[in-house]
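Asks: next one to model:
(2 chains)
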Amino acid sequence: GENVEQHPSTLSVQEGDSAVIKCTYSDSASNYFPWYKQELGKGPQLIIDIRSNVGEKKDQRIAVTLNKTAKHFSLHITETQPEDSAVYFCARTSYGKLTFGQGTILTVHP
Amino acid sequence: GAGVSQSPRYKVAKRGQDVALRCDPISGHVSLFWYQQALGQGPEFLTYFQNEAQLDKSGLPSDRFFAERPEGSVSTLKIQRTQQEDSAVYLCASSGTSGGPGDTQYFGPGTRLTVL
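Replies: All right, here's what the predicted structure looks like:
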């Protein structure tokens, strides 16, 4: 009941293309959904988050959408750049603690 | 201001040794979390403090794992009699408010533990 399923596990795009990563969850009590970017040898860095009373949020080239009825949320990166290459994790909170997806390795080719 | 810091960054231990991992949260942050990240996986919750109180330790994998935060600031994760399966990156995160479900968690760089 607490798992977060994340797809795809790897994503390869050309510079300038868009990238979309999707996550699904099953716990109806979840109401906060952050996305983290993790580069090699570093800790996860928050890039965007969304709360359950909002359907979409955008910050420059990054956007997140949430469908609470279907229990899925997605990360959209437009105009990708080589420095976007990293591992991306979706997560949800339950009683404060984060439950993470399995991660997506994004590679942006110049 | 400074972010979350962790030390050491790397630790190599022989099987059976005890280790202690330190986390310095963002100054003033009330909540502190420990996560374990195996290679190629997402972080998994270990334990959670609100100030000095350990409110949730449901993720600790065995009684060899112990965490404390005696003064409500710095925290230490201790692993006794380390085993090879303990090899992982141990991440610490802190958040500023009362530990509610929507508090943003800020992560440190992690400690990579290798047990030989």
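Asks: what residues are up against the closest residue to chain A within chain B?
Replies: Ranked by Cβ to the nearest Cβ, the top residue of chain B for proximity to chain A is B:G42, at 3.3 Å. C-beta: built from backbone N, CA, C; applies to glycine. Applying Cβ atoms under 8 Å, 6 or more residues apart in numbering or on different chains, we find B:G42 in contact with A:6, A:89, A:91, A:100-103.
Asks: if we ignore the residues flanking it in sequence, what's nearest it?
Replies: Closest residue in space to B:G42, ignoring its immediate chain neighbours: A:F100 at 3.3 Å, by Cβ to Cβ, 6 or more residues apart in numbering or on different chains.
Asks: which residue is nearest the centroid of chain B?
Replies: Of all residues in chain B, the one closest to the mean position by Cα atoms, centre = their mean is B:W34, 3.1 Å from it.
Asks: surely that residue meets B:Y90?
Replies: Yes. Counting by Cβ atoms under 8 Å, B:Y90 is a contact partner of B:W34 at 6.6 Å.
Asks: which non-adjacent residue is nearest B:G96?
Replies: B:H29 (5.1 Å).
Asks: typo on my end, it should be A:A63
Replies: Closest residue to A:A63 apart from its sequence neighbours, by Cβ to Cβ, 6+ apart: A:H76 at 4.5 Å.
Asks: ok, A:C23 next?
Replies: Spatial nearest neighbour of A:C23, excluding adjacent residues (Cβ to Cβ, 6+ apart): A:C90 at 3.7 Å.
Asks: count the residues that sit near the one you found.
Replies: 28 (other Cβ atoms under 10 Å in any protein chain shown).
Asks: just the element for residue 28, please.
Replies: Since no chain was named, I'll use chain A. Per DSSP states H and E, A:S28 falls between elements, in no helix or strand.
Asks: sorry, I should have been clearer: chain B.
Replies: Assigned by DSSP H and E, B:G28 belongs to no helix or strand.
Asks: hang on, the residue nearest to A:C23 packs against A:F73?
Replies: Yes. At 6.7 Å, A:C90 counts as touching A:F73 under the criterion of Cβ under 8 Å.
Asks: which residues are in contact with each of these two?
Replies: In contact with both A:C90 and A:F73: A:23, A:33, using Cβ under 8 Å, 6+ apart.
Asks: chain B against chain A: which residues are in contact?
Replies: With Cβ under 8 Å from any Cβ of the partner chain as the criterion, chain B meets chain A at residues B:4, B:31, B:33, B:35, B:40-45, B:48, B:55-56, B:59, B:91, B:93, B:99-110.
Asks: report the buried members of these.
Replies: By neighbour count, with 16 or more other Cβ atoms under 10 Å in any protein chain shown, the residues of chain B next to chain A hold B:4, B:31, B:33, B:35, B:42-45, B:48, B:56, B:59, B:91, B:93, B:99, B:101, B:103, B:105-110 as buried.
Asks: residue ranges of the strands in chain A, please?
Replies: Ranges of strands in chain A, per DSSP state E, are A:4-7, A:10-14, A:19-25, A:32-38, A:45-51, A:56-59, A:62-67, A:72-77, A:86-94, A:97-100, A:104-109.
Asks: okay if I get those as TSV plus distance to B:Q17 and mean pLDDT?
Replies: Formatted as TSV, the strands of chain A follow (distance: least, Cβ to Cβ, whole Å; pLDDT from 0 to 100):
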stretch	distance to B:Q17	mean pLDDT
strand A:4-7	34	96
strand A:10-14	36	98
strand A:19-25	38	97
strand A:32-38	28	96
strand A:45-51	32	94
strand A:56-59	45	94
strand A:62-67	43	96
strand A:72-77	40	96
strand A:86-94	30	93
strand A:97-100	28	92
strand A:104-109	33	98
